[in-house]
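In: sequence plus predicted model, see below.
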Amino acid sequence: MLGRPDAAAPPSRHTEEASTLSTTFRDLGILPETAEALEAVGITSPFPIQEMTLPVALAGTDVIGQAKTGTGKTLGFGLPLLESVTVPADVELGRAKPEELSDAPQALVVVPTRELCQQVTNDLLTAGKVRNVRVVPIYGGRAYEPQVEALNKGVDVVVGTPGRLLDLAGQKKLRLSQIRALVLDEADEMLDLGFLPDVEKIIEMLPTRRQTMLFSATMPGQVISLARRYMSQPTHISATSPDDEGQTVANTTQHVFRAHSMDKPEMVARILQAEGRALAMIFCRTKRTAADVAEQLSRRGFAAGAVHGDLGQGAREQALRAFRNGKVDVLVCTDVAARGIDVDNVTHVINYQTPEDEKTYLHRIGRTGRAGASGTAVTLVDWDDIPRWQLINKALELAFNDPEETYSTSPHLYEALGIPKEAKGVLPRAERTRAGLAAEEIEDLGETGGGGRSRAKSAGSGGSGAPAERARPARKPRERRRTRGALRTDSPAASAEQAVATAEGTSAATEAGEGTAAAPRKPRRRRRTRSGTPAAASEAPAAKETEATGEGEARKPRRRRTRSRAAATRSAEQPASES
């Protein structure tokens, strides 16, 4: 815990409603170079959370930002973060002195997942392109060496996940002594994943004098407690739009159906053929289900990719790149991709399995209807998941407490989602126009574990265009050699030993033949035991009898009578007695 005199001060609440998007980023006081970089990609007007946050954050005040998912929180903290760092362009324009430049990181963004780390890094690079701000992502699943090399070259902003940040800071590869601004993005997700202790360790490595911003869609009590300990009189900004009611975005149309688990693949295949469908994301609770659904959709003709924890980082990034580039139009994933992934033109989100809680539901359906666009969210609730769904429905105050029983052939399914009547469970060949996952190459990341195994698995869970495995050289067939006495039979030593043994055996046999007449060989006798009597006990009398008959004599084996032999004997004796 940092020793700040005002650390325990409660956050002031600054809750407003932004009505229109009449202002521009230039009006909010950001640098002209940053505004120029945003205008180059078509971003001119801020969203409510951005319009309310920028004036407060640019003044250097600590900020707690809360807004619904998909409303632009990244630029809400990203633009003030970029303004806080000093780069050579500022020295050239006279806004800073040369001694203020540094190769050590000046700003730090902590995020819960690797995918969100990439997303935030790309947004910051876009906004800081004109000023040439150096932004480096630091996260697990990649080799350490390229990340350490990038840090040694010099960096202005570091975006990373807690585990890898702690590793590099503990190895003295990441210097945190010159951090001026800290951002905790998706703090509630870090709480759910158990990262808050790691986040606290990172905060304790930072300078006391800094600006701290915390952004999240939901604000649990432990996150508020973290803010009270490590933030200095933060301003709490909660942004909403006038047409939004409840906790979901008004632009997203929600549908909830009660479906049978064995009919879900058929239903999904028909939903994906709905009119106006562009990109679609399908969310599953388990990694195995995600891989299985992606494989089934690929067999049905859809260009599908998968993102889940059993895949290596290279395969996960390959699927996300293919999805963003349009080579794959269906992405099947677990909740690892439900946070912060911002992909344009996602029109449909399908909850293949009911989410764990209302927060997960909000973040799942938040992948569509982003940035003012419209979207459709479909949730398939199994019979066993009805109690869980009713809790979610009650918490979010939705109108789907008792979902309607629905099958892949139900007329109301076609009518509600705009599915053509001729649609079946297989995509027609004329509509299979996507390049597929194979068109996107896997980047060699020098993965720290599971890379080779994950690439092989991506063929089964990655969709129609899985990459072919690297050809292996033909294996030389194993040569089986017989040995005798730990020596190979074809070796000279074994041959010599075998010849000696053969000669000795021949001479011994000759001597035995000369000394004694050919003695009859003692036959092996099989003795049956009765009621568990050991064989040794039955052999003892036989040994005594052998000793009594004298030495050198071979005892004739005792013949045992059997039932069949006794019957034959009686039949032979009967005619003799009659005569």
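Out: Right, received. Where do you want to start?

In: just say helix, strand or coil for the spatially most central residue of the chain.
Out: Centroid-nearest residue in the chain: Gly309, 1.2 Å away (criterion: Cα atoms, centre = their mean). Three-state call for Gly309 (DSSP: H, G, I helix; E, B strand; the rest coil): coil.

In: which residue packs closest to it, ignoring adjacent ones?
Out: Spatial nearest neighbour of Gly309, chain neighbours left out: Lys287 (5.3 Å); criterion: Cβ to Cβ, 6 or more residues apart in numbering. C-betas here are computed from N, CA, C, even on glycine.

In: next, count neighbours for Gln222.
Out: 12 (other Cβ atoms under 10 Å).

In: contacting residues around it?
Out: Contact analysis of Gln222 by Cβ atoms under 8 Å, 6 or more residues apart in numbering lists 191, 196.

In: repeat the analysis, applying 6 Å as the threshold.
Out: Gln222 is in contact with Leu191, counting by Cβ atoms under 6 Å, 6 or more residues apart in numbering.

In: need the CA coordinates for the host helix or strand of it. CSV is fine.
Out: Using DSSP states H and E, Gln222 sits within helix 221-230. The C-alpha trace of helix 221-230 is given here as CSV (Å, rounded to 0.1, in the frame of the first residue of the first chain):
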residue,chain,number,x,y,z
GLY,A,221,-16.7,-3.7,-4.2
GLN,A,222,-13.1,-5.0,-4.3
VAL,A,223,-12.3,-2.8,-7.3
ILE,A,224,-13.6,0.2,-5.5
SER,A,225,-11.5,-0.8,-2.5
LEU,A,226,-8.4,-1.0,-4.8
ALA,A,227,-9.2,2.5,-6.1
ARG,A,228,-9.4,3.9,-2.5
ARG,A,229,-6.0,2.5,-1.6
TYR,A,230,-4.0,3.5,-4.6
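
In: looking at this, Ile392 is in a helix?
Out: Yes. Counting by three-state DSSP, Ile392 is part of a helix.

In: quick check: it vs Ile386, distance?
Out: From Ile392 across to Ile386, the span is 11 Å (Cβ to Cβ, to the nearest Å).

In: of those two, who's got more company?
Out: The neighbour comparison of Ile392 against Ile386 (other Cβ under 10 Å) goes to Ile392, with 23 against 14.

In: nearest residue to that one other than its sequence neighbours?
Out: Per Cβ to Cβ, 6+ apart, closest to Ile392 is Glu358, 4.8 Å.

In: my read: that neighbour touches Gln390, true?
Out: No. Under the criterion of Cβ atoms under 6 Å, Glu358 makes no contact with Gln390, lying 11.4 Å away.

In: and these two? Which one has more around it.
Out: Neighbours were counted for Glu358 and for Gln390 using other Cβ under 10 Å; Glu358 has more, 19 against 15.

In: residue contacts, the more buried one?
Out: 392, 395-396.

In: what ranges does the stretch 51-200 of the chain have for its strands?
Out: For the stretch 51-200 of the chain, the strands defined by DSSP state E, counting those that start in this stretch cover 63-66, 107-110, 135-138, 157-160, 181-185.

In: chain center to the second one, what's the gap?
Out: If I follow you right, that is strand 107-110. Counting by Cα atoms, centre = their mean, to the nearest Å, strand 107-110 is centred 24 Å from the centre of its parent chain.

In: what strands flank that strand, and is each parallel or antiparallel?
Out: In the sheet, strand 107-110 lines up against strand 157-160 (parallel), strand 181-185 (parallel) (DSSP bridges).

In: sketch out the low-pLDDT regions of the chain for me.
Out: Within the chain, the ranges that satisfy pLDDT under 70 run 1-22, 69-70, 240-248, 337-341, 371, 444-474, 482, 484-521, 527-579.

In: before we move on, back to that, and the strands paired with strand 107-110, which is most packed in?
Out: Mean neighbours per residue, mean count of other Cβ atoms under 10 Å, is largest over the strands paired with strand 107-110 for strand 157-160, with a mean of 28.

In: residues contacting the residue nearest to Glu100 when sequence neighbours are not counted?
Out: Spatial nearest neighbour of Glu100, excluding adjacent residues (Cβ to Cβ, 6+ apart): Thr86 at 4.6 Å. The contact partners of Thr86, by Cβ under 6 Å, 6+ apart, come to 96, 100-101.

In: okay, the residues you listed in CSV with distance to Thr126 next?
Out: Listed next are the contacts of Thr86 as CSV, based on distance: Cβ to Cβ, whole Å:
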residue, distance to Thr126
Ala96, 22
Glu100, 25
Leu101, 23
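
In: and of those residues, the nearest to Ile203?
Out: Lowest distance from Ile203 to the contacts of Thr86 (Cβ to Cβ) belongs to Glu100, with 24.1 Å.

In: tell me how far the closest one lies from Ala217.
Out: 35 Å.

In: likewise for Asp385?
Out: With distances taken as Cβ to Cβ, Asp385 is found 23 Å from Ala217.

In: quick one, which of these two is more surrounded?
Out: Shown here are Asp385 and Ala217; by other Cβ under 10 Å, Ala217 has more neighbours (23 against 20).
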